[in-house]
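Trainee: Have a look; sequence and predicted model below, questions after that.
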Amino acid sequence: MMEDKFMENPSIFESNALLALSDKEFGQIRELVYNSFGINLTEQKKSLVVGRLNKLIKQHGFSTFQNYIDYIKSDKTGKSLTILVDKISTNHTYFNREKDHFEYFSNTALPQWIDHLSKSGKKRFNLWIAGCSSGEESYMIAMLIKEYLGNNFKNWDIGLLATDISIGALETAINASYSKTNVDHMPANLKSKYFNKSSSGEYTVVDDIKKMVTYKKLNLIQQNFPFKSSFHMIFCRNVMIYFDKPTRDGLVTRFHKFLDPGGYLFIGHSETLGRDSKIYNYICPATYQKATS
Ligand SMILES: C[S@@+](CC[C@H](N)C(=O)[O-])C[C@H]1O[C@@H](n2cnc3c(N)ncnc32)[C@H](O)[C@@H]1O
């Protein structure tokens, strides 16, 4: 072995080196993540997987990816899988992302449903934010509902369920404190009304909005959703982009079962239900409605 000219004990620096991930090991991780969460890790994601998992693997004392994979497979509690998906999933989001949806929601979809429910003598309005990540989207929707209902808000029972598979993202959502960058795209009136700004520059959602949203861990690829009632709207934006076509098709069919007739499905603007989706009516980009009959 060549003598190291600079260091007496080079091995103490070896821990900074990235562990190598063989194609076989990557294949096993892909299979685990796909079978458990529907997330389709393409070949291009290999370096992302190496980068995101290296530190975790070393911290837990595994010397190879294979040791780590064997451990996940033998862990019957499912905890190590939960930690894996926390590292692998992309949680990036921000307030007022894809704002066309929020305009359509406030100006059309929400007034339509509130009017319809009022005329039927109902005061319960149910929404599901599926793949809510760190909560920005669900709090945004809560703020818009509160704005629209105004003094009438107290007469309504608003059911706002927000779910995700990532525990880390859900913890951030429940904590409800965000950086300036996260709230940069908010309309100024909502920003000043619904956040408390701390001296360190954090924006924390006010309690009245926080308590409107219920956060739960839920895996979207599970075949049976545990809901007692259906929804008037489902938001599942920028989630299906990580799924393949059979997984997406299965999910939108399961969403359909839990939507009221005339209920809306909002998906990400870079996503599509496909031309062959006959169970929804296309309304406008990334916005669909369940047929009323
Ligand atoms: C990019 S974020 C989207 C956040 C927000 N909906 C938006 O449009 O900005 C994607 C989220 O989908 C979640 N996700 C991925 N696979 C999931 C699954 N099988 N079940 C539930 N959530 C999942 C991820 O944890 C992540 O928080």
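Mentor: It's in.
Trainee: Shouldn't residue 281 be within a helix?
Mentor: No: read with DSSP: H, G, I helix; E, B strand; the rest coil, residue 281 is strand and lies in no helix.
Trainee: when you give positions from now on, start the count at 373
Mentor: With 373 as the first residue, the last one maps to residue 653.
Trainee: count of neighbours near it?
Mentor: The number of residues packed near residue 653 is 13, by other Cβ atoms under 10 Å. To be clear about C-beta, it is placed using only N, CA and C from the backbone, and glycine gets the same treatment.
Trainee: do residue 456 as well
Mentor: Neighbour tally, residue 456, other Cβ under 10 Å: 22.
Trainee: Is it in a helix, a strand, or coil?
Mentor: For residue 456, the secondary-structure state derived from three-state DSSP is helix.
Trainee: Please enumerate the helices of the stretch 523-665 of the chain.
Mentor: If DSSP state H, counting those that start in this stretch is used as the criterion, the helices of the stretch 523-665 of the chain fall at 539-547, 552-555, 560-566, 579-582, 617-629.
Trainee: Make JSON lines from these and add mean neighbour count and mean pLDDT to it.
Mentor: As requested, those are arranged in JSON lines below (neighbours: other Cβ atoms under 10 Å; pLDDT from 0 to 100):
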{"stretch": "helix 539-547", "mean neighbour count": "17", "mean pLDDT": "97"}
{"stretch": "helix 552-555", "mean neighbour count": "14", "mean pLDDT": "97"}
{"stretch": "helix 560-566", "mean neighbour count": "14", "mean pLDDT": "97"}
{"stretch": "helix 579-582", "mean neighbour count": "15", "mean pLDDT": "98"}
{"stretch": "helix 617-629", "mean neighbour count": "16", "mean pLDDT": "95"}
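Trainee: For the ligand, find the nearest of those helices.
Mentor: With respect to the ligand, and counting by Cβ to the nearest ligand atom, the nearest of the helices of the stretch 523-665 of the chain is helix 539-547 at 4.7 Å.
Trainee: picking that back up, now distance to the ligand too, for the helices of the stretch 523-665 of the chain, in a markdown table please.
Mentor: A markdown table is the format used below for the helices of the stretch 523-665 of the chain (distance: least, Cβ to the nearest ligand atom, whole Å):
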| stretch | distance to the ligand |
| --- | --- |
| helix 539-547 | 5 |
| helix 552-555 | 11 |
| helix 560-566 | 17 |
| helix 579-582 | 17 |
| helix 617-629 | 8 |
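Trainee: want to throw the ones you listed into JSON lines with distance to residue 457?
Mentor: Converted to JSON lines, the helices of the stretch 523-665 of the chain look like this (distance: least, Cβ to Cβ, whole Å):
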{"stretch": "helix 539-547", "distance to residue 457": "9"}
{"stretch": "helix 552-555", "distance to residue 457": "22"}
{"stretch": "helix 560-566", "distance to residue 457": "30"}
{"stretch": "helix 579-582", "distance to residue 457": "25"}
{"stretch": "helix 617-629", "distance to residue 457": "15"}
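Trainee: just the residues of the stretch 373-522 of the chain that are near the ligand, which are they?
Mentor: 409-411, 461-465, 469, 503-505, 509 (Cβ under 6 Å from any ligand atom).
Trainee: which residues does the residue sitting nearest the centre point of the chain contact?
Mentor: Nearest to the geometric centre of the chain sits residue 503, at 2.6 Å (Cα atoms, centre = their mean). Counting by Cβ atoms under 8 Å, 6 or more residues apart in numbering, residue 503 makes contact with 535, 536, 592, 608, 609, 610, 611.
Trainee: From the ligand, how far out is residue 583?
Mentor: 21 Å (Cβ to the nearest ligand atom, to the nearest Å).
Trainee: hmm, I was thinking of residue 661
Mentor: For residue 661 relative to the ligand (Cβ to the nearest ligand atom), the value is 19 Å.
Trainee: So what pairs up with that residue in the strands?
Mentor: For residue 661, the beta-bridge partners are residue 636, residue 653 (DSSP bridges).
Trainee: Helix or strand, whichever it is, which one in the protein has the lowest mean pLDDT?
Mentor: One helix or strand of the chain scores below all others by mean pLDDT, DSSP states H and E: helix 418-431, with a mean of 91.
Trainee: following it, which helix or strand comes up?
Mentor: helix 437-446 (DSSP states H and E).
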